[in-house]
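Student: Make a model of this:
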Amino acid sequence: MTSLDKAILAVYEKGGNKFELYIDPDAAYAYLDKRKPDLKNMLVSEEVYADARKAEKAKPSDLQKVFGTTDIMLILEFIIKHGEVQLTTEQKRKKAEEKRKQIITILMREAIDPRTSAPHPQLRIENAMEEARVHIEPFKDAREQLDEVVKALRPLLPMKFEKVRIAVKVPAAFAHKCYGTLKSYGIQKEEWTKSGELIAVVEMFAGMQSEFYDKINKLTAGQIETKIIGT
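Tutor: Residues are numbered from 1 along each chain as shown. Modelled structure (predicted):
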């Protein structure tokens with residue numbers, strides 16, 4: 001079991017009262033990262049503190065008033081969800097870097113430079129994020145942060161999110177092999193000819209076109225017909 005000196009605090013404040021719990025940093029990180037399904041073995045101390053550093057316990061009446069219970073596991077669940085978990089600096093850095101990479105990947109796949117109609121390169125996005133001092137929330141979903149990131153980047157990096165519709169005609173010999181890939185990009189219409197050819201219309205973000213063409217050309221040895229039919 002983790003000792004108190006290696007534990008971190010989960011904190012909730014309301015109405016001038018502070019409530020603190022000592023918790024295991026690894027268990028908390030795994031839970032917030034959705035790798036741990038429950039709160040078992042997270043508590044390092046079975047006490048709720050008003051001031052953990054001074055070992056000052058919270059009053060049962062205050063717990064009842066704020067949480068509606070004195071059950072420490074229910075209080076832990078509430079604080080983890082609504083309070084602040086004071087993760088280690090290294091944990092926050094590691095998770096923020098992971099989320100930053102996820103956001104960059106989304107931008108490279110879905111956004112284009114309106115001046116060139118091509119995706120922005122990774123290094124250009126990274127440099128713009130650094131220059132704009134974009135803040136990344138370690139445990140907030142990457143897509144939920146996308147609007148704020150794009151807002152911060154647009155003065156430095158023109159971006160346009162635009163979808164394109166592409167008609168494809170796949171020879172019978174490759175049709176079933178290609179179907180799963182086409183479906184992953186979003187098939188809007190499909191038709192199978194009597195000879196076994198697949199004719200389909202897929203829709204995707206404009207920034208994904210190069211990746212799409214690379215994949216289907218490899219799957220069909222270049223024996224595929226494509227045509228952009230609109231945005």
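
Student: Tell me how far residue 172 lies from residue 103.
Tutor: 41 Å (C-beta to C-beta, to the nearest Å). C-beta here means a position set from N, CA and C on the backbone, and glycine is covered the same way.

Student: Which one's more surrounded, those two?
Tutor: Taking neighbours as other C-beta atoms under 10 Å, residue 172 and residue 103 compare with residue 103 leading, 21 against 13.

Student: which ones are touching that one?
Tutor: 136, 142, 145-146, 149 (C-beta atoms under 8 Å, 6 or more residues apart in numbering).

Student: is it true that it lies in a strand?
Tutor: No - counting by DSSP: H, G, I helix; E, B strand; the rest coil, residue 103 is located in no strand; its state is helix.

Student: What distance do you get for it to residue 86?
Tutor: Taken as C-beta to C-beta, the span from residue 103 to residue 86 is 24 Å.

Student: how close does the nearest residue to residue 52 once chain neighbours are set aside get to residue 61?
Tutor: In space, residue 52 comes closest to residue 20 once its chain neighbours are excluded; the distance is 4.2 Å by C-beta to C-beta, 6 or more residues apart in numbering. Remark: distance between residue 20 and residue 61 (C-beta to C-beta) = 17 Å.

Student: among the contacts of residue 103, which two are most distant?
Tutor: The most widely separated members of the contacts of residue 103 are 136 and 146, with 11.1 Å between them, by C-beta to C-beta.

Student: Neighbour count: the two, which is higher?
Tutor: residue 136 (20 against 17).

Student: Quick one: residues contacting that one.
Tutor: Contacts of residue 136 by C-beta under 8 Å, 6+ apart are 96, 99-100, 103, 145, 149.

Student: show me where pLDDT drops low in this protein?
Tutor: Applying pLDDT under 70 to the chain picks out residues 1, 230-231.

Student: Which parts of it belong to which domain?
Tutor: 4-85, 89-160, 162-230 (automatic domain parsing).

Student: where do the helices sit along the chain?
Tutor: Assigned by DSSP state H, the helices in the chain fall at 25-32, 60-67, 72-82, 89-110, 122-131, 142-153, 172-185, 209-220.

Student: Would you format those as TSV with distance to residue 159 included?
Tutor: Output for these, formatted as TSV (distance: least, C-beta to C-beta, whole Å):
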stretch	distance to residue 159
helix 25-32	30
helix 60-67	44
helix 72-82	34
helix 89-110	7
helix 122-131	9
helix 142-153	6
helix 172-185	21
helix 209-220	16
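
Student: Quick one, which of the ones you listed gets closest to residue 4.
Tutor: Minimum separation from residue 4 across those (C-beta to C-beta) falls at helix 25-32, 12.0 Å.
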